[in-house]
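Asks: what shape does this take:
(chains A and B)
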Amino acid sequence: MTTTYRNAVHDAIADAMRADDRVVLLGEDVGRYGGTYAVSKGMLAEFGADRIRDTPISELGFVGIGIGAALGGLRPIVEVMTVNFSLLALDQIVNTAAALRHMSSGQFSVPVVVRMATGAGRQLAAQHSHSLENWYAHIPGITVLAPSTVADAYGMLRTALSSPDPVIIAEHVGLYNLSADLEELQPTDISRAALRRNGTDATIIAYGGCVPKALDAAEQLAQAGVDCDVIDLRVLRPLDDATIMESVARTHRVVVVDEAWHTGSLAGEISARIVEQAFYELDAPIARVCTAEVPIPYAKHLEEAALPQPDKIVAAVRGLFGQDRWAGAQRPGTGGR
Amino acid sequence: MPALGADMDEGRLDEWRIQPGDTVTRGQIVAVVETTKAAVEIECWHEGVVNELLVPVGETVAVGTPLATLAEPGDQPGSAAPKAAPAAVAGAPVGHRQWVSPAARRTAAALGVDLKSVTGTGPQGAVTLHDVEHAAATAHHEAPTPPPPPPPADGAPESAPKSAPRSAAEKARERGAAMRASIAAAMSRSKREIPHYYLADEIILDTALAWLTEQNTGRPITERILPAVLQLKAVALATVRFSEFNGFWRSDHSGEHFEPANGTHVGVAISLRGGGLVAPAIHDVAEKPLAELMEDLTDLVARARAGSLRSSEMSDPTITVTNLGANGVDSVFGVIYPQQVAIVGFGKPAQRVVVVDGGIRVATTVHSTLAADHRASDGARGALFLAEINRLLQQPQEL
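Replies: Predicted coordinates for the structure are as follows:
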């Protein structure tokens, strides 16, 4: 069965709504319009206006409604058009959803799932293109997911709905048209990172929209004789340190790819953890490939230039090797005669 | 600097046996190079007059670095010899302390490598794991004439000479650690890259041993031929018909492929008394009479244990034979030395109960095994290859 990332998210919501009457969807344009990214197309007809709620343009309001509904016993899915707009709901998410279990000594659960589009690459300019999911990964009390595959687009949402605590899902806008041939869609784990490619020479760590770019770079590098692990973080909070450190212990070289800006990025947090936990495994400085420190430009060529791209990842991996070693890796058959 | 095995990336020049102006003939030993495994005598395969020695004694250079230039007979010495690029200088880069990666620093401490003697090839000239592992191959040997220490400038990093000569025991321990690292690298690569398959056979030796006893009658003890030599010869002759076990699995521009060997140079696994092992080649085993092979084997074992092997012996094996019979095991399933594609093992010859023509007999037998690279050959051919070795050992007069 060939399906897309967009359809996988659609199916995850629809399957959850069929399986559990408590599941509702609310957000801007999710009903009559079918969702900004057409994820909820057709749902209003199937589930009715009680369960598919079009909301006013007020993130603070409708995210708060979702949290209240969760406290009241529902399993709401709140769609926020982009992570940029979710900043209007930061108070609800950070001060209410993330904190209530802790502040009520465990008496209140907030089982809300907040989905938001993130990332750049579609010429939507600075106010619709940023990657701020790291801001949520900073907050204890919430789980932050970044599905990068069709299987995870379906599976992580299904599993997230069974979490008793708030879950943020960051869906990269560049992935909605991604398609894959899968036998069946099923819930997937939301605690571990995944090794998407196995190599020996360097580890490329990425998540969300940067995973396909990292895999592309790894293929280019493999043709030049440098074989890379590619780790898809999947879960941005809590981070799966074990998978990262296991890989670093084998490859001794790391490039972290992150569509956020360098400063204060998740890539910085991962680098710090590697230095804390695997310093003596490192054979080269940790390299980061992040977005240029500018608001994402509208112009296509400038937008592309600002973002992590496969050629930048290739160059970063090359930088982890000295010139001689790189030449050696590219020159097959130097041993023996 | 020749590659004396697939795992060698650099070597340290220990001794020159030639001087500028000397005439060199094909096959002449011109230098001694220190590798992880032994001090190896380097043969020169060109004729000419030595023009210039490019690498001083004590220097470690990468495989492929020109060691010396020769003028062809008749050339004017010193005329058109190309200069080699100056070798990188060991020690700390100027202006900051020597940069060493954390992993390299830890490994250097574990292997007893003095970081000051290591040249960094990593990012920004940092010493990397790779640099330390390869320095471990050479660092166990003191330079014969260390230069007097220069007066240290205040605060400036310098490549300090060793403060005190190390004891023989310490050197042996370092060489042991370096050899372990080298064996570990080659064997890990083998198990990582080579899809091994394993086959075993039992060979009745009665005919061969009876024939050998007859042949050895009248020979002085020192010249007697051992059964191990029959095995070497049988393996070599079997590769004539089964050439896919004799050669190398190569990865190069044209992809991965099997490259058949030009001759049958059988590597003989020799365990060293201090621990570790080497597997140098006896050349052209298929063409040599048994008596000559016996001499070669005796000489090779003695020189391997003395640590003086020749470059061609280290780099040339096209298939390996390992014999652990003397250690009392029945069978040995070997690990292929990259980039070879097969290793034949023999256990101890012993009296065993066998069934011959429907009757039970006690006979002297040996278990033969084959570990082969499935990329280069398949089990059916491997089985025929082992059967051919068996057949040859039933007809010792053909050996």
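Asks: interface residues of chain B facing chain A?
Replies: Within chain B, the positions lying close to chain A (CB under 8 Å from any CB of the partner chain) are B:2-3, B:5-9, B:62-64, B:101-106, B:120-123, B:125-126, B:128-130, B:192, B:248, B:250-253, B:315, B:339. Every C-beta, even on glycine, is put in place using the N, C-alpha and C of the backbone.
Asks: what element comes up after the lengthiest strand in chain B heading to the C-terminus?
Replies: When chain B is parsed with DSSP state E, its longest strand is strand B:359-373. Toward the C-terminal end, the helix or strand that comes next after strand B:359-373 (DSSP states H and E) is helix B:379-394.
Asks: could you report the pLDDT at whichever residue of the stretch 201-350 of chain B sits closest to chain A?
Replies: Nearest to chain A, among the residues of the stretch 201-350 of chain B, is residue B:252, at 4.3 Å (CB to the nearest CB). Residue B:252 carries a pLDDT value of 76.
Asks: list the buried ones in the longest helix anywhere in chain B?
Replies: The single longest helix within chain B, with elements called by DSSP state H, is helix B:168-193. Judged by neighbour count using 16 or more other CB atoms under 10 Å in any protein chain shown, the buried positions of helix B:168-193 are B:174-175, B:177-179, B:181-183, B:185-186, B:189-190.
Asks: same check on stretch B:243-260?
Replies: Quick answer for stretch B:243-260 (16+ other CB under 10 Å): B:244-249, B:258-259.
Asks: can you list contacts of it?
Replies: The contact list for stretch B:243-260 (CB atoms under 8 Å, 6 or more residues apart in numbering or on different chains) reads A:332-333, A:336, B:194, B:238-239, B:261, B:264, B:318-319, B:338-342, B:370, B:372-373, B:375-377, B:381-382, B:385.
Asks: ok, now which ones touch the most centrally placed residue in chain A?
Replies: For chain A, residue A:146 is the residue whose C-alpha lies nearest the centre (CA atoms, centre = their mean; 2.1 Å). Residues near residue A:146 by CB under 8 Å, 6+ apart: A:118, A:133, A:169-170, A:172, A:207-208, A:233-236.
Asks: about what we covered before: return the list of strands paired to the longest strand of chain B, each annotated with direction.
Replies: strand B:196-204 (antiparallel), strand B:342-346 (antiparallel), strand B:350-356 (antiparallel) (DSSP bridges).
Asks: gap between the last one and the chain center?
Replies: Taking CA atoms, centre = their mean, to the nearest Å, the mean C-alpha location of strand B:350-356 is offset from the chain mean by 36 Å.
Asks: which of the helices or strands spans residue B:42?
Replies: strand B:39-43.
Asks: does that strand pack against any helices or strands, and if so which?
Replies: Where contact means 3 or more CB pairs under 8 Å, 6 or more residues apart in numbering or on different chains; DSSP states H and E, strand B:39-43 is packed against strand B:29-34, strand B:308-310, helix B:311-315.
Asks: redo those as a markdown table? Include distance to residue A:44.
Replies: Listed next are the helices and strands packed on strand B:39-43 as a markdown table, based on distance: least, CB to CB, whole Å:
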| stretch | distance to residue A:44 |
| --- | --- |
| strand B:29-34 | 79 |
| strand B:308-310 | 82 |
| helix B:311-315 | 75 |
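Asks: quick one, strands of the stretch 201-337 of chain A?
Replies: With DSSP state E, counting those that start in this stretch as the definition, the stretch 201-337 of chain A shows strands at residue ranges A:202-206, A:228-232, A:235-237, A:254-261, A:287-291.
Asks: one more: the stretch 1-150 of chain A?
Replies: Under DSSP E, counting those that start in this stretch, the stretch 1-150 of chain A gives strands at A:2-4, A:23-27, A:52-54, A:75-80, A:113-118, A:143-145.
Asks: for residue B:307, which of the ones you listed is the nearest?
Replies: Closest to residue B:307 of those is strand A:143-145 (CB to CB; 59.9 Å).
Asks: quick one, whichever helix or strand comes after that closest one and strand A:113-118 angle?
Replies: Once the chain leaves strand A:143-145, the next helix or strand it forms, by DSSP H and E, is helix A:150-161. Per axes from the mean of the first three to the mean of the last three CA atoms, to 10 degrees, the angle that helix A:150-161 makes with strand A:113-118 is 140 degrees.
Asks: which strands or helices does whichever helix or strand comes after helix A:150-161 pack on?
Replies: Moving toward the C-terminus from helix A:150-161, the next helix or strand (DSSP H and E) is strand A:167-172. With contacts taken as 3+ CB pairs under 8 Å, 6+ apart, strand A:167-172 sits against strand A:113-118, helix A:133-137, strand A:143-145, helix A:150-161.
Asks: each with direction, which strands does strand A:167-172 pair with?
Replies: Looking at strand A:167-172 with DSSP bridges, its partner strands are strand A:113-118 (parallel), strand A:143-145 (parallel).
Asks: make TSV out of those and add mean pLDDT and distance to residue A:223.
Replies: As requested, the strands paired with strand A:167-172 are arranged in TSV below (pLDDT from 0 to 100; distance: least, CB to CB, whole Å):
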stretch	mean pLDDT	distance to residue A:223
strand A:113-118	98	31
strand A:143-145	98	33
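Asks: okay if I get these as JSON lines plus distance to residue A:35?
Replies: Below are the strands paired with strand A:167-172 laid out as JSON lines (distance: least, CB to CB, whole Å):
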{"stretch": "strand A:113-118", "distance to residue A:35": "10"}
{"stretch": "strand A:143-145", "distance to residue A:35": "19"}
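Asks: out of those strands, flag the one nearest residue A:104.
Replies: Relative to residue A:104, the nearest member of the strands paired with strand A:167-172 by CB to CB is strand A:143-145, separated by 18.6 Å.
Asks: chain center to that closest one, what's the gap?
Replies: Worked out by CA atoms, centre = their mean, strand A:143-145 lies 8 Å from the chain centre.
Asks: okay, residue B:146: pLDDT?
Replies: Per the predicted model, pLDDT is 38 at residue B:146.
Asks: interface residues of the stretch 51-200 of chain A facing chain B?
Replies: Near chain B, when you scan the stretch 51-200 of chain A using CB under 8 Å from any CB, you find residue A:200.
Asks: point out where the stretch 51-200 of chain A drops to low pLDDT.
Replies: Filtered on pLDDT under 70, the stretch 51-200 of chain A yields no residues whatsoever.
Asks: quick check, the residue in it closest to chain B?
Replies: Residue nearest to chain B within the stretch 51-200 of chain A (CB to the nearest CB): residue A:200, separated by 8.0 Å.
Asks: surely that residue and residue A:251 touch.
Replies: Yes - counting by CB atoms under 8 Å, residue A:251 is a contact partner of residue A:200 at 6.2 Å.
Asks: who touches both of the two?
Replies: Listed as contacting both residue A:200 and residue A:251 by CB under 8 Å, 6+ apart are residue A:229.
Asks: who's more crowded, those two?
Replies: Per other CB atoms under 10 Å in any protein chain shown, whichever of residue A:200 and residue A:251 has more neighbours is residue A:251, with 20 against 13.
Asks: now do the contacts for residue B:273.
Replies: residue B:305.
Asks: tell me where the stretch 201-337 of chain A has helices.
Replies: Using DSSP state H, counting those that start in this stretch, the helices of the stretch 201-337 of chain A run over residues A:210-223, A:241-251, A:266-278, A:300-306, A:310-318, A:323-330.
Asks: which elements pack onto the shortest one?
Replies: Going back to what we said before, that points to helix A:300-306. Applying 3+ CB pairs under 8 Å, 6+ apart, we find helix A:300-306 packed against no helix or strand.
Asks: ok, and what's touching that helix?
Replies: Outside helix A:300-306, the residues that touch it by CB under 8 Å, 6+ apart are A:120-121, A:123, A:129, A:291-292, A:294, A:296-297.
Asks: farthest pair within the residues you listed?
Replies: Longest distance between any two of these is 16.2 Å, between A:123 and A:292; criterion CB to CB.
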